[in-house]
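J.: I need the structure of the sequence given here:
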Amino acid sequence: MKKKLVLLVFSIVSIAVFAQSDQKTLKITADGHYLEYEDGTPFFWLGDTGWHLFRSLTREEIIKYLDNRQQKGFNVIQCVIEAGEKNKNGEVPFPNSEPSKLNDQFFAEVDWVIQEAAKRNIYIALLPTWGHSIFPFFAPDEPVIFNEKNAYTYGKAIGNRYKNYTNIVWVAGGDRPAFVDTADWRPIYRSMMRGIKDGGAKQLVTYHPVGESSSTDFWKDDDLLDFNMLQSGHRKPDLPTWAWIKRDREYKPYKPVIDSEPNYEEHPINWKPEMGYFKDYDVRKQLYRSVFSGAAGVTYGHHSIWQFHQKGKFAYAHPKKYWYESLDDPGAFQAGYLRKLMESRPAVNRIPDGEMVINPPTGEEKLITSFYHEDGSYAMVYIPCGQTVNINTRHISGNKIRAWWYDPGKNKALKIGKLKKSGEMSFTPPSSGVGNDWVLIIDNASKKYKEPGKVKKR
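T.: Modelled structure (predicted):
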């Protein structure tokens, strides 16, 4: 009883203290395509999938994880409150599967994690529940907990609890479709999100869908979501995240879109270890091609880390090593390099352009993506398999350009030089072939932009 009272006092005090935080809330840009802080500063979403964070780690381990992700440039962690498991202290979110009664001992830990994230300028993309608690899509024996009534009650309780936390984005869904044929679970999600809003929460809302789909497949004509998420998933050949991003960003009213689960580093290809595992190059391709197609950011994932695989714990789908051995795998560094590259130039008002590259190669492995800034000050082209590209420069302003090659695996820029602009220009990267991906950056020379990938210390 004494322990419960202490935790309750801690929870109440910590929420009150957090309300005084100077952490900035997020909002949608005026054009509807990107994210920004409340003061208008651009926000590039670089997420990590820490789905099991609230229940798999001790406080010491959580600090280790958050510090590591902050150092690499991640500013969003995607994680779940209710997922059918106890936390490290043996607590569950609500007793006896009754979501109308929150277990304050469990939620005091959630409070603490969100506050620690805020100290590191990290936002929590917070799923109230994983999808299996709403309907058993993948396995018929998954326990269903929520209905419209208790979903609203639960939503209102957590909405009230976290209404003053500015580093939260609410995420409905959880690896599930919102409807299948005539079976429709959208009323439950609507009820939960309405409860969150009625509880006083004003943070942004989105939806994490099942693999190889987008939230627009279920909510395109619904006003529930502030921005869209898709999950291009863990298969080969490369799933066309670039095409889905371009499609979703054109739906009206315009909303930002993010691939919140492309292939994970060291995930079995097609879920089959005998086919091999995704490597950093595979991950890089999907990260860059989604962002260069107009996404407001992207989420990285590692197969050992999303589940925080450790000794004595059930292992999902054959992870190769423990979570703490995976923190510094190359893909995580390279995801951070992408954010640095984007923030070394104006990061919003980017216009994807599939016609910048003249006679581009066909085939998913070689598909090139590109964009330019609306003011013509710069353009970028991602080339997944190094080869000569011919560029139409019509969207780049000025008579002279400064061009660079950027190595996305090393965060290293190579200067091509200052050139007189012509209508069509040819560029050959330093290396060619599969595994040799490059970014071509073309600046209006008069802008005098810094070296690509170089940003002020965060």
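
J.: how close does the closest residue in space to Arg235 that isn't next to it in sequence get to Ser304?
T.: Leaving aside its sequence neighbours, Arg235 sits nearest to Asn270 (Cβ to Cβ, 6 or more residues apart in numbering; 5.1 Å). Any C-beta I mention is one placed from the backbone N, CA and C, and that applies to glycine too. Asn270 is 18 Å from Ser304, where distance means Cβ to Cβ, to the nearest Å.

J.: Give the buried residues for stretch 68-77.
T.: 68-70, 72-77 (16 or more other Cβ atoms under 10 Å).

J.: In helices, which of these appear?
T.: The helices in this structure, assigned by DSSP state H, contain 68-70, 72 from the buried residues of stretch 68-77.

J.: Tell me the helix or strand right after the lowest-mean-pLDDT helix or strand in the chain.
T.: One helix or strand of the chain scores below all others by mean pLDDT, DSSP states H and E: helix 2-18, with a mean of 45. Per DSSP states H and E, the first helix or strand lying C-terminal to helix 2-18 is strand 26-28.

J.: helices or strands up against that next one?
T.: In terms of contacts (3 or more Cβ pairs under 8 Å, 6 or more residues apart in numbering; DSSP states H and E), strand 26-28 is packed against strand 35-37.

J.: what's in contact with stretch 329-340?
T.: 44, 46, 48, 69, 72-75, 265-266, 279-280, 283-284, 287-288, 291, 298, 300, 302, 408-411, 453-455 (Cβ atoms under 8 Å, 6 or more residues apart in numbering).

J.: If we use 6 Å, what do you get?
T.: Contacting residues not belonging to stretch 329-340 are listed as 44, 46, 72-73, 265, 280, 283-284, 287, 300, 409, 411, 453, 455 [Cβ atoms under 6 Å, 6 or more residues apart in numbering].

J.: Same question for stretch 178-198.
T.: By Cβ under 6 Å, 6+ apart, stretch 178-198 touches 134-135, 146, 148, 151-152, 155-156, 159, 170, 172, 205, 218, 224.

J.: Could you identify the most distant pair in these?
T.: Pairwise distances across these (Cβ to Cβ) peak at 23.2 Å, for the pair Lys156 and Phe218.

J.: out of those two, which sits in the busier spot?
T.: Per other Cβ atoms under 10 Å, whichever of Lys156 and Phe218 has more neighbours is Phe218, with 25 against 21.

J.: So the more buried one versus Leu225, what's the distance?
T.: Computed as Cβ to Cβ, the Phe218 to Leu225 distance reads 10 Å.

J.: all helices for this protein, in order.
T.: Using DSSP H, helices in the chain cover 2-18, 53-56, 59-72, 104-119, 148-161, 186-198, 216-219, 241-250, 280-291, 303-306, 330-343.

J.: now the closest residue to Lys24 other than its chain neighbours, which residues is it bridged with?
T.: Leaving out its chain neighbours, the residue that sits closest to Lys24 by Cβ to Cβ, 6+ apart is Tyr37, at 4.1 Å. On DSSP bridges, the residues paired with Tyr37 through beta bridges are Leu26.
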